[in-house]
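1. below is the structure, and that's it, no one-letter string:
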């Protein structure tokens, strides 16, 4: 058994990767891998007893706050949820026609996508093993559809390598099939000439060759000469059309192309297929909001938190009226991101506050592009999945998994992280769109710009109530600071994706809330 | 360039495979691979001129017949479609509540699935590259949804191998990840010790190692010690739960298990995700039927075809009334399967008839099982895809890709081919269900039988108007006989999946019709 290093050594891993493959590789890995894992809990904690007569002040109506309110309310607690925005959901937001948002220092954007078109500006995919998230979609009857997260038919194009494939637009199945075939041929021949006799037991050798031949599609002489898995130059059809395949690429060209660096590495963390709620990720937030409505107070910006050994008082300002007010409760569950909480007047101990300061927040942004025609489907036969580029900041273009064969479609034209995110977020709204269009035009020449209709961009490090996409813990911070924040400071508990090993995922926020409300309930029962 | 051997040497390939891996492997390959390919044509032929005053008698209202009627009608031809059944679609049928069907020598089955539950008893998945099929779903606005055709989370269980994994129920991602890791480690170590210096150019060696390390998830010392891609024994979660992975399986156990033989080999022919029409495959047939209604004559069983150098006359019996009648046209397009056509009184030349006899038809059947609870989702977190078994006849259980997280669900409990199909089709309806339930119970002990509610089974070799699933051509028959049937015999043209290299696929029938109506139109215009 081995403790997985995923969460704690992410930065170390990325640094190693950067040394090997440069920023491009780091970016690709971040995206494919940035938040590893499965979720541990499959259902809320089974709590007994009653919360009658106790008030819980919950700060933030993102998933963590809403889960806490929903579950604690069932136990009889009086819950008051203060939310700075005018709607619930936190980062779980979907931009569609009429949606407005304003970045720090920016102008107000109003989304003018056509009806039915949307962009999930926060989380956009649910792995099958995030059972906590799926617990609520099932309970609330939020319809899910498949999100195609890997599509071998999608284009890839790299200029950062060398050889015959440099700059060439190829299908992912060509590269995958040829690499596997070429490498398997090489190994199979080494094995049959006795070069691997030390490594492969005599009684396994025949099966080893069978495995290499079947997975690499080798011919009887163990040579790889291409296969239908790499696609056809002249597809089979009716009558006298058996189909023709092309010669495979050479191993050296494949290796030198660097294209293989872009393959999804996350069959488990980012499975081939994931889920998305029909109509937008905010359907989950709305399902909570509907049930939590009486507990939610919107436009309440927290200004100060105070506590005694009996109670917690939160002072806030109503951003609509400018008036201040306060609420007092027996306990407080604070789900405000640490990036924001640090600047609020709080009563935390120096040690607790130092731990909060130890998390960094990832700059993240997205650019959605509504296209008037689904040219990637109609012209190229690509339905969902990601087109892979080696553009300095835009590593992939993600194609919509909804409304297949419809008239229009909205692409995720850029999913930007770290330096790429801060660089592009500094541009004007129009410049951002132009930047994304230029990247796409290189892979879809003549189609991308020509079909563009409307765009929407959003950067989480410029979101006043987030100041970043998600919390990032260095190995040291995860070891020293993170555990301190899992415990209460007085009567105040923290919760959110930042207090999980599922950072940036909805499941992290949900499971963190589950964990903290259990602690609050136990303490309230003892009192 | 290499002419792909797919269509013509299928039998030869299967024979080789049988010699290596036995019947089980042949069956698995048949399913994963039986009908290779992409479709050539993307749109109907662009025909000019007018068909006014000419009558085309079309035999069969499957896709081939309906496509021909739909397209020729637009040109002004008078089309009469004789269909033996009481509805259109041919093999494109969906069993749902109220659907009735009777096999040869069998009792009439009436499907009693719950509303919303269904089984596609004919074709059930559409590859993204079957552009001819997708041409019509788009044109007719038939909504498509993703059909999850590969799910690494699905179970696999084999008893036919040996070693530690024999009989063990494992996730596909465990086997895939560990095999790749173990094999890559082995090769990387051989490469670093100079054993592969002949095979890998000096300037490629570093990239070669990078590729092996990244795709195999090797550690810095090039050892494989497991990875999160193989799943967690204790998943990461909130608070103090970083997640724990288990030790990987050993290479010898992996090879000896034979589990790898069950992986989908067809990333292109059977992609990771395919399409299915929302609500059932027959939505495509119904879309045609709606548009073709005035041309369709149901319950018309063809008894005799005659032709002169001017016209074709078809005599048929109305199976409702028992009365005979006849229609005469300028040309006839006959889409009746060769298996059935052989027994009809036709005017074909001896040579043409001998060519018809040269096709064999594949015994194929399906068993659908309605379950009262989606235990594969709720208990095991498997959403769509195929569970892999080494049962003598049932090689996989296919999980539904519709209504995720719904209450009930209908599994494809068995997709039987060749000997397995004929063996099971000889059983009573109840015995067939029991047979399928026993296979599933082994992989889902305690859940499979306990949740079963209703079943429906159907075998195409026992379908009076089909006598088999699809046409199978040996290499010799494909070379000698097949081409003869592409040409008209007098004024009679054949069409259907049997006259394509896309046998058994809807695209084969559609493209064959496209090809033959072009010939008919050209000849009609010349006349």
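-> That came through fine. Computed from a prediction, not measured in an experiment: that's the story for all the values here. Numbers count the residues shown, from 1 in each chain, chains lettered A, B, ... in the order given.

2. from here on, just use CA atoms for contacts and neighbour counts.
-> OK.

3. let me see the backbone angles for the nearest residue to residue A:201 once chain neighbours are set aside.
-> In space, residue A:201 comes closest to residue B:252 once its chain neighbours are excluded; the distance is 7.9 Å by CA to CA, 6 or more residues apart in numbering or on different chains. Taking degrees, to the nearest 10, you get phi -60, psi -40 for the backbone angles of residue B:252.

4. count the neighbours of residue B:252 for me.
-> By other CA atoms under 10 Å in any protein chain shown, 20 other residues sit near residue B:252.

5. isn't it up against residue A:204?
-> Yes: using CA atoms under 8 Å, residue B:252 is in contact with residue A:204, at 6.4 Å.

6. most centrally placed residue in chain A?
-> With distances taken as CA atoms, centre = their mean, chain A has residue A:123 as the residue nearest its mean C-alpha position (5.5 Å).

7. helix or strand: which one has it?
-> Under the assignment given by DSSP states H and E, residue A:123 is not contained in any helix or strand.

8. the closest residue to it other than its chain neighbours and chain B, how far apart?
-> If you skip the residues right next to it in sequence, residue A:123 has residue A:92 as its closest partner in space, 6.1 Å away by CA to CA, 6+ apart. Per CA to the nearest CA, to the nearest Å, residue A:92 is found 19 Å from chain B.

9. again with residue A:405
-> 6 Å.

10. sec struct for that residue, please.
-> When the structure is split into helix, strand and coil by DSSP: H, G, I helix; E, B strand; the rest coil, residue A:405 lands in coil.

11. residue A:316 - that's part of a strand, no?
-> Yes: checked against three-state DSSP, residue A:316 lies within a strand.

12. which bits of the stretch 301-450 of chain A sit near chain B?
-> Taking CA under 8 Å from any CA of the partner chain as the criterion, the stretch 301-450 of chain A approaches chain B at residues A:381-383, A:403-406.

13. which strand or helix spans the closest residue to residue A:44 other than its chain neighbours?
-> Nearest non-adjacent residue to residue A:44, counting by CA to CA, 6+ apart: residue A:514, 5.7 Å away. When secondary structure is defined using DSSP H and E, the element that contains residue A:514 is helix A:506-526.

14. ok, residue A:397 next?
-> Assigned by DSSP H and E, residue A:397 falls in strand A:396-399.

15. which positions in that strand come out as buried?
-> Neighbour counts using 16 or more other CA atoms under 10 Å in any protein chain shown place A:396-399 of strand A:396-399 among the buried residues.

16. just stretch A:152-167 next, same as before
-> Judged by neighbour count using 16+ other CA under 10 Å, the buried positions of stretch A:152-167 are A:152-159, A:161-162, A:165-167.

17. ok, now stretch A:465-480?
-> Neighbour-count burial for stretch A:465-480 flags A:465-475, A:477-478 (criterion: 16+ other CA under 10 Å).

18. now do stretch A:377-385: everything it contacts.
-> Counting by CA atoms under 8 Å, 6 or more residues apart in numbering or on different chains, stretch A:377-385 makes contact with A:147-151, A:153-154, A:376, A:398-401, A:404-405, B:128-129, B:131, all of which sit outside it.

19. do the same with stretch A:154-174
-> Among residues not part of stretch A:154-174, those counted as contacts by CA under 8 Å, 6+ apart are A:151-153, A:229-231, A:248, A:252-254, A:256-259, A:382, A:385-390, A:443, B:267-268.

20. next: stretch A:297-307.
-> Residues from elsewhere that reach stretch A:297-307 (CA under 8 Å, 6+ apart): A:59, A:80-88, A:312-320, A:344-347, A:490-491.

21. quick check on these: which are buried?
-> A:59, A:80-85, A:87-88, A:312-318, A:347, A:490-491.

22. tell me how far the ends of stretch A:314-322 are from each other?
-> Between the opening and closing residues of stretch A:314-322 there is a gap of 16 Å (CA to CA, to the nearest Å).

23. quick one: contacts of that stretch?
-> Here stretch A:314-322 has contacts from A:57, A:84, A:299-306, A:323-328, using CA under 8 Å, 6+ apart.

24. ok, so of the buried residues of strand A:396-399, who is nearest chain B?
-> Each of the buried residues of strand A:396-399 was scored against chain B by CA to the nearest CA, and residue A:399 proved nearest at 13.8 Å.

25. what residues does the closest one make contact with?
-> Contact partners of residue A:399, counting by CA under 8 Å, 6+ apart, are A:383-387, A:410-412.

26. dump these to CSV, plus secondary structure, distance to residue A:43 and neighbour count.
-> Compiled in CSV, these are given as follows (DSSP: H, G, I helix; E, B strand; the rest coil; distance: CA to CA, whole Å; neighbours: other CA atoms under 10 Å in any protein chain shown):
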residue, secondary structure, distance to residue A:43, neighbour count
A:383, coil, 34, 26
A:384, coil, 31, 25
A:385, strand, 30, 23
A:386, strand, 32, 25
A:387, strand, 36, 26
A:410, strand, 34, 27
A:411, strand, 34, 24
A:412, strand, 32, 24
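
27. where in chain A is pLDDT low?
-> The model of chain A has pLDDT under 70 over residues A:1-40, A:264-267.

28. do you have the helices of the stretch 201-350 of chain A handy? List them.
-> When secondary structure is read from DSSP state H, counting those that start in this stretch, the stretch 201-350 of chain A shows helices at A:205-216, A:251-257, A:282-292, A:338-341, A:350-357.

29. close to chain B, is the longest one?
-> So the one you mean is helix A:205-216. Yes: shown here: helix A:205-216 in contact with chain B (CA under 8 Å from any CA) through A:207-208, A:211, A:214-215.

30. domains for chain A, by residue range?
-> For chain A, the domain assignment from automatic domain parsing gives the residue ranges A:34-90+A:285-359+A:472-526, A:94-154+A:270-280+A:363-462, A:170-257.

31. can you redo those domains as JSON lines with distance to residue B:425?
-> Listed next are these as JSON lines, based on distance: least, CA to CA, whole Å:
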{"stretch": "domain A:34-90+A:285-359+A:472-526", "distance to residue B:425": "42"}
{"stretch": "domain A:94-154+A:270-280+A:363-462", "distance to residue B:425": "34"}
{"stretch": "domain A:170-257", "distance to residue B:425": "31"}
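
32. of all those, which lies closest to residue B:419?
-> Across the domains of chain A, the minimum distance to residue B:419, taken as CA to CA, is reached by domain A:170-257, at 23.8 Å.

33. could you work out the end-to-end span of the closest one for me?
-> End-to-end distance for domain A:170-257: 11 Å, by CA to CA.

34. got the angle for the strand or helix carrying residue A:138 vs helix A:506-526?
-> Element membership for residue A:138 (DSSP H and E) is helix A:131-140. Helix A:131-140 runs at 80 degrees relative to helix A:506-526, counting by axes from the mean of the first three to the mean of the last three CA atoms, to 10 degrees.

35. how far does stretch A:281-295 sit from the chain's center?
-> Averaged C-alpha coordinates place stretch A:281-295 at 21 Å from its chain's average position (CA atoms, centre = their mean, to the nearest Å).

36. which parts of that stretch are buried?
-> Within stretch A:281-295, the residues that count as buried by 16+ other CA under 10 Å are A:281-289, A:292, A:295.
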